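**Student:** build me a structure from this.
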Amino acid sequence: MKDSLVIIPTYNERENIRAIINRVMELTHPFDLLVIDDGSPDGTAEIVRDLQLSYPNRLYLETRQGKLGLGTAYIHGFHYALRHTYEYIFEMDADFSHNPNDLLQLYRACAIDGYDVAIGSRYIQGVNVVNWPMSRVLMSYFASAYVRLVTGMPIADTTAGFKCYRRKVLQTIQLDRIRFVGYAFQIEMKFLAYKFGFKIKEVPIIFTDRTKGVSKMSSGIFKEAVLGVMQMKINSYFRHFDRY
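**Tutor:** Next up, the predicted model:
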């Protein structure tokens, strides 16, 4: 059984990818790292291949043709992690909005404190967001409040994308039944973990908006996250959440 795998989806992250990989590799815990690149025309994958020479047997690359969505990238990575017998599987962005040092907090929450899912939370201790305009902070904060109201999840940051899962969570959730591909994917994964009764811990982090590269957020992505929640809740009434 292998220990920890960090999954980073990329599309045109040339300006960030080298630095984020080096930071993860320098941490005191030996995280392996898998980059899922959706055919970045800026050469992101080539940089990763170059760095693989410096980090043999720790840095991996999977390439796909075209932008296929954040959710499908993570599901691709989850299947990879399960095939390669990792116990702790992490989601993280490439743009330094998630501080690599906080991987250690997420790891401790699962590996030492015994939680099944650890969430890097922007809202568990007030609002910890840097460099976002107030309109986006309010949109994100009230979107989480809306999701809590509809789903009943006792999670402050329902749209967070910085997380650690124990492998048994991904084995139970039935990844091929995940419906959403954009940021609503993050909500659906938390909702399923909650419905299956897994122990979830929110770990406070400071989220810093990217300073390099271009954001992938769009109004369509946000619309999916908001409008799809009600359908997700309705569908849950027709599904059994038994753990075997």
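
**Student:** OK, contacts around the residue most central in space within the chain?
**Tutor:** With distances taken as Cα atoms, centre = their mean, residue 91 lies nearest the centre of the chain, 3.2 Å away. Residues in contact with residue 91 (Cβ atoms under 8 Å, 6 or more residues apart in numbering) are 7, 74, 161, 162, 163. C-beta coordinates here come from the backbone N, C-alpha and C atoms, glycine included.

**Student:** try 6 Å this time
**Tutor:** 7, 74, 161, 163 (Cβ atoms under 6 Å, 6 or more residues apart in numbering).

**Student:** grab the nearest non-local neighbour of the last one.
**Tutor:** The shortest distance from residue 163 to any residue other than its chain neighbours is 4.8 Å, reached at residue 91 (Cβ to Cβ, 6 or more residues apart in numbering).

**Student:** for the first one, same thing?
**Tutor:** Excluding its sequence neighbours, the residue lying closest to residue 7 (Cβ to Cβ, 6+ apart) is residue 77, at 3.6 Å.

**Student:** and that neighbour, how many neighbours?
**Tutor:** Number of residues near residue 77 (other Cβ atoms under 10 Å) recorded here: 24.

**Student:** next one: residue 28
**Tutor:** Neighbours around residue 28, by other Cβ under 10 Å: 7.

**Student:** pLDDT at it, what is it?
**Tutor:** Note on residue 28: pLDDT of 96.

**Student:** in the sheet, who's paired with the nearest residue to residue 84 once chain neighbours are set aside?
**Tutor:** Spatially, and ignoring its direct neighbours in sequence, residue 84 is nearest to residue 2 (6.2 Å; Cβ to Cβ, 6+ apart). Beta-bridge pairing for residue 2 (DSSP bridges): residue 86.

**Student:** before we move on, the earlier item: could I get the contacts of residue 91 in JSON lines, plus columns for secondary structure?
**Tutor:** Formatted as JSON lines, these follow (DSSP: H, G, I helix; E, B strand; the rest coil):
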{"residue": "7", "secondary structure": "strand"}
{"residue": "74", "secondary structure": "helix"}
{"residue": "161", "secondary structure": "coil"}
{"residue": "163", "secondary structure": "strand"}
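
**Student:** which of those residues lies closest to residue 14?
**Tutor:** Distances from residue 14 to the contacts of residue 91, taken as Cβ to Cβ, are shortest for residue 7 (18.9 Å).

**Student:** now residue 178: how far from residue 30?
**Tutor:** According to Cβ to Cβ, to the nearest Å, residue 178 stands 29 Å off from residue 30.

**Student:** ok, now which ones touch residue 117?
**Tutor:** Counting by Cβ under 6 Å, 6+ apart, residue 117 touches 165, 169, 193, 198, 200.

**Student:** least confident pick among the contacts of residue 91?
**Tutor:** residue 161 (93).

**Student:** most neighbours, which of the contacts of residue 117?
**Tutor:** Each of those was scored by neighbours using other Cβ under 10 Å; the highest score is residue 165's, at 26 neighbours.

**Student:** what helix or strand is the residue lying closest to it once chain neighbours are set aside located in?
**Tutor:** In space, and not counting its chain neighbours, residue 165 is closest to residue 89: 5.0 Å by Cβ to Cβ, 6+ apart. Per DSSP states H and E: residue 89 is located in strand 86-91.

**Student:** state the mean pLDDT of that strand.
**Tutor:** Mean pLDDT, computed over strand 86-91, is 98.

**Student:** what's the first helix or strand after it?
**Tutor:** Counting by DSSP H and E, the next helix or strand C-terminal to strand 86-91 is helix 103-111.

**Student:** thinking again about what came up before, and the buried ones among the contacts of residue 91, selectable in ChimeraX?
**Tutor:** Selection command for ChimeraX covering only the buried members of these, criterion 16 or more other Cβ atoms under 10 Å:
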select :7,74,161,163
